[in-house]
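Colleague: Predicted coordinates and the sequence they were generated for:
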Amino acid sequence: ASLTRSLLVLEDRDTVYETLRRDLSEQPIQAIRATDTRSLLDLLINHDTDAVLLSHCPCETNYTDITALLRLFPGGSVRPIIFIAGEVPDSELKSCLAQGKAHIYCVDYPNLSRLLLELWSQQASRKAPGGRIYDILHEREQEHLALNHHAIVSKTNDKGQITEVNQRFCDISQYSEQEL
């Protein structure tokens with residue numbers, strides 16, 4: 001018996017999703033649908049998915065931003081992100097690939113199942129470097145990056161003097177790190 005893998009699919013067009021789901025059901029792949037960015041992120045929090053397919057991006061955001069967000073989630077550095085050829089504007093695809101992250105793929109619909117099975121076969125045949133400790137450290141690093149990106153952070157010494165600030169703090173206060 002084959003292990004059923006899960007694929008989180010961002011696709012807002014009903015007919016395209018149903019065709020995709022039907023094609024994937026011939027393999028040990030369960031498609032989980034998100035119709036917008038918010039539902040994609042909610043599903044990613046609540047499901048341990050093996051890959052993410054960005055089939056059709058609703059117009060509220062872009063592929064580059066979604067890809068960056070996906071990398072912040074636990075397992076995001078090793079979870080494959082797949083784009084459908086012809087659905088992603090070339091400039092955005094280049095931008096996503098330029099982020100320097102591995103595990104980003106672009107494929108056409110007829111070859112999607114084959115790509116997924118190849119990726120998962122490769123994952124099963126190699127062990128993650130560092131194992132569980134590596135995963136925990138990576139997750140903490142991603143949390144740190146997310147915090148610094150979204151929160152205003154400063155550190156002080158025992159006398160209440162600022163010793164460290166993040167870029168967001170500098171942007172809001174309109175002072176440089178050296179001035180603070």
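Modeller: That came in fine, so what should we check first?

Colleague: pLDDT at the residue lying farthest from the centre of the chain, what is it?
Modeller: Relative to the mean C-alpha coordinate of the chain, counting by CA atoms, centre = their mean, the farthest residue is residue 159 (41.0 Å). On the pLDDT scale, residue 159 is placed at 88.

Colleague: Phi and psi next, for it.
Modeller: Dihedral angles of residue 159 (phi, psi; degrees, to the nearest 10) stand at phi -90, psi 0.

Colleague: Over to residue 157?
Modeller: phi -90, psi -170.

Colleague: name the element the spatially closest residue to it that is not a sequence neighbour belongs to?
Modeller: Nearest non-adjacent residue to residue 157, counting by CB to CB, 6 or more residues apart in numbering: residue 163, 5.2 Å away. All C-beta spots, glycine's among them, are computed from the backbone N, C-alpha and C. Assigned by DSSP states H and E, residue 163 belongs to strand 162-165.

Colleague: For the spatially most central residue of the chain, what is the enclosing helix or strand?
Modeller: For the chain, the residue sitting closest to the mean C-alpha position, by CA atoms, centre = their mean, is residue 70 at 1.9 Å. Using DSSP H and E, residue 70 sits in helix 63-71.

Colleague: could you say what helices and strands that helix packs with?
Modeller: When contacts are defined as 3 or more CB pairs under 8 Å, 6 or more residues apart in numbering; DSSP states H and E, helix 63-71 packs onto helix 37-46, strand 51-54, strand 81-84, helix 90-98.

Colleague: try 6 Å
Modeller: If contacts are counted by 3 or more CB pairs under 6 Å, 6 or more residues apart in numbering; DSSP states H and E, helix 63-71 sits against helix 90-98.

Colleague: after the helix it packs on comes which helix or strand?
Modeller: strand 104-107.

Colleague: For that next one, what is the distance to the chain centroid?
Modeller: In this view, strand 104-107 has its centroid 13 Å away from the chain centroid, taken as CA atoms, centre = their mean, to the nearest Å.

Colleague: residues in contact with that strand?
Modeller: Around strand 104-107, the neighbours that count as contacts under CB atoms under 6 Å, 6 or more residues apart in numbering are 81-83, 85, 96-97, 115.
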